[in-house]
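# A predicted structure for the sequence below; I have some questions about it.
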2 protein chains.
Amino acid sequence: MNAPVRIRAFERSLPMALMRARESVMARFRPILAEHDLTEQQWRVLRALDAADGPLSVGDLAAQTYLLGPSLARMLASMEQRELLERRTGADARRAEITISDEGRRVVGQVSPESEAAYEQVERRLEPGELDELHRLLDKIGGFE
Amino acid sequence: MNAPVRIRAFERSLPMALMRARESVMARFRPILAEHDLTEQQWRVLRALDAADGPLSVGDLAAQTYLLGPSLARMLASMEQRELLERRTGADARRAEITISDEGRRVVGQVSPESEAAYEQVERRLEPGELDELHRLLDKIGGFE
DNA sequence: TATTGTTATACTCTATAACTATA
DNA sequence: TATAGTTATAGAGTATAACAATA
């Protein structure tokens, strides 16, 4: 007789724990983004462009932001209309070269201090050193070891 | 002269790290759910019902699964049609009493072993004890200390 | 032929407000 | 009046396939 496969307790589910933690962070963060008419995903794109050294292709962006091509294509179109970013065609004409615009940088500059404050509130829940440890473990899970 | 507010590196963003980790877990998990025609959210509902001692109200479910009422109402209707769950009206006729059905339990029973295997692959990336530590830190962030 | 990106399409979830029924 | 839940509506992301342009 085998013991029945016992599903782990709901509370011990790693995806749920990750989601709860993320939800608790994002709950503080979303209102800030909403004030600037940005979705979470648009913010990811903006951050990635802002952090990049040079232009990124659509594919680069998709990989860095975990967005799918079609979603990204539409978002880029609307963000380009809002002049948050600029796109050029590179030497390889298939490849788009996307960079953040001055306006985009301005928005990042406005949102960043508010977002820092929100993050700090969350991080204050941890003892010194625990944040580093959390990042280390998350990176291990995420395959960035 | 103030130093400019320096946004933390993209890689050190806690929400991004949480998302990457979750994505890496879910990437293995979603195909399993897809085979059983379940969305991530429906699975959360099913898990919550399966783990519950008795019937849950729509509000209980919303809180446990981090879904909004309207999303949940529609999902419950379709899951009821698929006979994954049952609903009754309680003593307080405003309150629905939702329980998992035999069919729902059967689905949970099918998905669970596969999902356990997927989780274990992820958890193998961690040293012994690190998973507990990760859960502890995530709960602290999530406000479940 | 393979790669890069867009368009088409259908579905699902998010979010807010308005509404119904019950308490 | 307040609470529980549903319906309405608009918007946005997900996912797959088909397609165009370029290499």
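Right, received. Where do you want to start?
# Okay, and the residue nearest to the spatial centre of chain A sits in which element?
Residue closest to the average C-alpha location in chain A (C-alpha atoms, centre = their mean): residue A:44, at 3.8 Å. Using DSSP states H and E, the element containing residue A:44 is helix A:40-51.
# Tell me the helices and strands packed up against the next helix or strand after that helix.
Going down the chain from helix A:40-51, the next helix or strand is helix A:58-65, by DSSP H and E. Applying 3 or more C-beta pairs under 8 Å, 6 or more residues apart in numbering or on different chains; DSSP states H and E, we find helix A:58-65 packed against helix A:40-51, helix A:69-81, strand A:96-100. Where you see a C-beta, it was placed from the backbone N, CA and C, and this is true even at glycine.
# mind redoing it with 6 Å?
Secondary-structure packing of helix A:58-65 (3 or more C-beta pairs under 6 Å, 6 or more residues apart in numbering or on different chains; DSSP states H and E): helix A:40-51.
# Any residue of the helix it packs on touching chain B?
Yes - interface with chain B: helix A:40-51 contributes A:47, A:51 (C-beta under 6 Å from any C-beta of the partner chain).
# That helix relative to helix A:58-65, how many degrees between them?
110 degrees (axes from the mean of the first three to the mean of the last three C-alpha atoms, to 10 degrees).
# Which residues does helix A:40-51 contact?
A:33, A:61, A:64, A:65, A:67, A:100, A:104, A:108, B:10 (C-beta atoms under 6 Å, 6 or more residues apart in numbering or on different chains).
# mind saving the C-alpha coords of it as CSV?
Listed next in CSV are the C-alpha coordinates belonging to helix A:40-51 (Å, rounded to 0.1, in the frame of the first residue of the first chain):
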residue,chain,number,x,y,z
GLU,A,40,3.8,47.2,-14.7
GLN,A,41,5.0,45.9,-18.0
GLN,A,42,5.6,49.3,-19.6
TRP,A,43,7.7,50.1,-16.5
ARG,A,44,9.7,47.0,-17.0
VAL,A,45,10.4,48.1,-20.6
LEU,A,46,11.3,51.6,-19.5
ARG,A,47,13.7,50.3,-16.8
ALA,A,48,15.4,47.9,-19.2
LEU,A,49,15.9,50.7,-21.7
ASP,A,50,17.1,53.0,-19.1
ALA,A,51,19.6,50.5,-17.7
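# quick one: buried residues of it?
A:42, A:43, A:44, A:45, A:46, A:47, A:48, A:49, A:50, A:51 (16 or more other C-beta atoms under 10 Å in any protein chain shown).
# Pull up the per-residue confidence for the second one.
In this case it means residue A:43. pLDDT for residue A:43: 94.
# and the gap between it and residue A:75?
Note on residue A:43: its distance to residue A:75, by C-beta to C-beta, to the nearest Å, is 11 Å.
# got it, and the first one?
Taking C-beta to C-beta as the measure, residue A:42 falls 6 Å from residue A:75.
# if we take the buried residues of helix A:40-51, which one ends up nearest to DNA strand D?
residue A:42 (5.6 Å; C-beta to the nearest atom of the strand).
# Show me the shaky parts of chain A.
The model of chain A has pLDDT under 70 over residues A:1-11, A:143-145.
# Give me the nearest residue to residue A:130, chain neighbours excluded.
In space, and not counting its chain neighbours, residue A:130 is closest to residue B:137: 5.9 Å by C-beta to C-beta, 6 or more residues apart in numbering or on different chains.
# Correct me if wrong: that neighbour contacts residue A:136.
No - in terms of C-beta atoms under 6 Å, residue B:137 does not count as a neighbour of residue A:136; the distance is 10.2 Å.
# Before I go, just wanted to say thanks for your time.
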